[in-house]
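Visitor: With the input below, show me the fold.
(one chain, ligands or ions: 1)
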Amino acid sequence: MSTPLDAPAYPLRAFDVVTRRVEDVSSHFRRITFSGAALERFGVPGPTKDLRIKLLIPAAGQPLRRFGGPAGQLHHGWYQDWLRTDEPGRGFIRSYTVRAIRTAAQGPEIDIDFVLHSAGEGTSVTDGHSTADGHSGPGSEWAAGAAIGMDAVIIGPDVTAITGATAPGETGIRWEPRGTAHVLLVGDETAVPAISSILETLPANISGHAFLEVPDPEDFQSISTPSSVLITWLARATTDSPRGALLEAAVRSTMVPAGSTTAPVRNTNGRDTNGGDAYGGDTYAWVAAEAATVKALRRYLVDEAGLDPKRSEFRAYWSLGKAGSGANGTPIGLEAKGRQLSRTATAPPD
Ligand SMILES: Cc1cc2nc3c(=O)[nH]c(=O)nc-3n(C[C@H](O)[C@H](O)[C@H](O)COP(=O)(O)OP(=O)(O)OC[C@H]3O[C@@H](n4cnc5c(N)ncnc54)[C@H](O)[C@@H]3O)c2cc1C
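Guide: The predicted model follows:
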């Protein structure tokens, strides 16, 4: 597809990268560092916040295919191009968050924290690949088998193509508090990288809460933030809680329904869970987790606690029992058989 000469440059590009380091942060999180000269032009003008990238994952036994133009150039129809590629060579696309970006002595590097969701709780493999919960997928399997020197292709923002007219969403950033001083960050393990990166750059005048639900206390990580946001880690294993239940309880005890006089619940650190502040429509909520959890939290926060949905961000990062990142996913089995998604879809799944 040709691009009109006066059209703004497309902000995304395919980057050829190499796995430089593989580090287990905990039994459910694996940090993989990617490097490569192409990354010189990877990124956004400011902090990466919840910047999402796409990882191209080869199908089992297939080579990794390069993607885009000679230097990885993409255009608006890149996702359709990818969908038109024949199976099984096409492989898979999954979304991940840039946990860190740096210029090391050897060149630019980015870290991605992968959830190894085949590991641990909820795993019950009945058909060799998929069940309703906690089993593997191409992304998780790729990360579990990653070794130094492995090639990969990442689709992400090209900092040289971003102008003042580029909306943050076009680059893959969704965090947009629009001057709000009160924030509520809520996420399961897949959102830990995004919430950590956001918190690291939040300024001192921002207050609020961050609730992070992970499988096990061993998955708690230390996050430093200049802000006064209270960070609460919740582990499903501690209370044998179903997925999302701890997040919902924490949010309900913090964001009381509009007009309610319910006293704030004391947190384990002795502070009121709402910090004594009156929460209301000025709170910016950023919620990312499994689809059903996000749906339940959105219903509560918008319908009962009175948050303005237009000023908040609700993102399903994955869907239980479906393959693929995002809200819709694809029923298990279809993707592997090539009947995945609409071949006319213009936008890639989140
Ligand atoms: C914007 C965005 C940013 C994201 N950032 C990250 C990130 O930084 N790190 C990260 O690990 N994930 C992240 N995710 C989530 C990740 O894309 C999904 O978990 C994705 O489904 C993983 O692909 P997969 O190939 O491993 O599994 P799939 O093939 O998609 O799914 C296979 C099976 O595993 C289940 N499954 C998928 N993910 C999980 C999970 N986390 N826990 C338990 N079961 C699961 C599915 O329901 C399905 O039954 C992000 C998603 C989005 C939309």
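
Visitor: Might you enumerate the residues of the protein proximal to the ligand?
Guide: 52, 94-97, 113-115, 117, 130, 134-135, 137-140, 190, 193, 317-326, 332, 350 (C-beta under 6 Å from any ligand atom). The way it works is simple: take the backbone N, C-alpha and C, and place the C-beta from them, glycine included.

Visitor: Make a PyMOL selection of the buried ones in those.
Guide: Here is the PyMOL command that selects the buried residues among the residues of the chain next to the ligand (16 or more other C-beta atoms under 10 Å):
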select buried, resi 52+94+95+96+97+113+114+115+117+130+134+135+137+138+139+140+190+193+317+318+319+320+322+323+324+325+326+332+350
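
Visitor: Would you map the helices across the chain?
Guide: Along the chain, counting by DSSP state H, helices occupy 78-84, 138-144, 168-171, 192-201, 236-239, 245-254, 291-298.

Visitor: for the fifth one, packing partners?
Guide: Helices and strands in packing contact with helix 236-239 are listed as helix 245-254; criterion 3 or more C-beta pairs under 8 Å, 6 or more residues apart in numbering; DSSP states H and E.

Visitor: In terms of secondary structure, what does the helix it packs on contact?
Guide: On a contact count with 3+ C-beta pairs under 8 Å, 6+ apart, helix 245-254 meets strand 182-187, strand 207-214, strand 228-235, helix 236-239, helix 291-298.

Visitor: okay if I get those as CSV plus mean neighbour count, distance to residue 76 and mean pLDDT?
Guide: Shown next, in CSV, are the helices and strands packed on helix 245-254 (neighbours: other C-beta atoms under 10 Å; distance: least, C-beta to C-beta, whole Å; pLDDT from 0 to 100):
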stretch, mean neighbour count, distance to residue 76, mean pLDDT
strand 182-187, 24, 30, 96
strand 207-214, 24, 35, 97
strand 228-235, 18, 37, 97
helix 236-239, 15, 40, 96
helix 291-298, 20, 27, 96
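
Visitor: Not counting sequence-adjacent ones, nearest residue to residue 50?
Guide: Distances taken as C-beta to C-beta, 6 or more residues apart in numbering place residue 194 nearest to residue 50, at 3.8 Å, with adjacent residues excluded.

Visitor: For residue 58, which of the helices of the chain is the nearest?
Guide: helix 138-144 (8.2 Å; C-beta to C-beta).

Visitor: what's next to that closest one, contact-wise?
Guide: Here helix 138-144 makes contact (C-beta atoms under 8 Å, 6 or more residues apart in numbering) with 30, 32, 55, 57, 59, 91-92, 94, 96, 114-119, 136, 323, 325.

Visitor: Residue 285 touches residue 307, doesn't it?
Guide: Yes - in this structure residue 285 lies within contact range of residue 307 using C-beta atoms under 8 Å: 5.6 Å.

Visitor: Overlap in contacts, the two.
Guide: With C-beta under 8 Å, 6+ apart, residue 285 and residue 307 have common neighbours residue 301.

Visitor: Neighbour count: the two, which is higher?
Guide: More crowded of residue 285 and residue 307, by other C-beta atoms under 10 Å: residue 285, with 28 against 24.

Visitor: beta partners for the more buried one?
Guide: Residue 285 forms beta bridges with residue 184, as assigned by DSSP bridges.

Visitor: And residue 32, by the same measure?
Guide: Here residue 32 sits in beta bridges with residue 22, residue 112, going by DSSP bridges.

Visitor: For it, give me its contacts.
Guide: 19, 21, 22, 23, 111, 112, 114, 143, 146.

Visitor: and if you look at residue 30?
Guide: The neighbours of residue 30, taking C-beta under 8 Å, 6+ apart as the test, are 22, 23, 24, 113, 114, 116, 143, 144, 146.

Visitor: If we use 7 Å, what do you get?
Guide: 22, 24, 114, 116, 143 (C-beta atoms under 7 Å, 6 or more residues apart in numbering).

Visitor: Just put these in TSV and tack on pLDDT and distance to residue 185.
Guide: Putting those into TSV (pLDDT from 0 to 100; distance: C-beta to C-beta, whole Å) gives the following:
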residue	pLDDT	distance to residue 185
22	98	28
24	98	25
114	98	20
116	96	23
143	97	24
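
Visitor: quick revisit: narrow the contacts of residue 32 to just the buried residues.
Guide: Here, 16+ other C-beta under 10 Å leaves 19, 22, 111, 112, 114, 143, 146 buried among these.

Visitor: Thought residue 29 was touching the third one, still the case?
Guide: What it means is residue 111. No - with contact defined as C-beta atoms under 7 Å, residue 111 does not count as touching residue 29 (11.1 Å).

Visitor: okay, and for the stretch 1-150 of the chain, where does confidence drop off?
Guide: For the stretch 1-150 of the chain, the stretches with pLDDT under 70 are 1-8, 119-134.

Visitor: dump the residue contacts of the residue of it found nearest the ligand.
Guide: When scored by C-beta to the nearest ligand atom, the stretch 1-150 of the chain has residue 137 as its residue closest to the ligand, at 2.0 Å. Counting by C-beta under 7 Å, 6+ apart, residue 137 makes contact with residue 323.

Visitor: any idea how far residue 144 is from it?
Guide: Counting by C-beta to C-beta, to the nearest Å, the gap from residue 137 to residue 144 is 10 Å.

Visitor: Just the pLDDT at residue 348, thanks.
Guide: According to the prediction, residue 348 has pLDDT 70.
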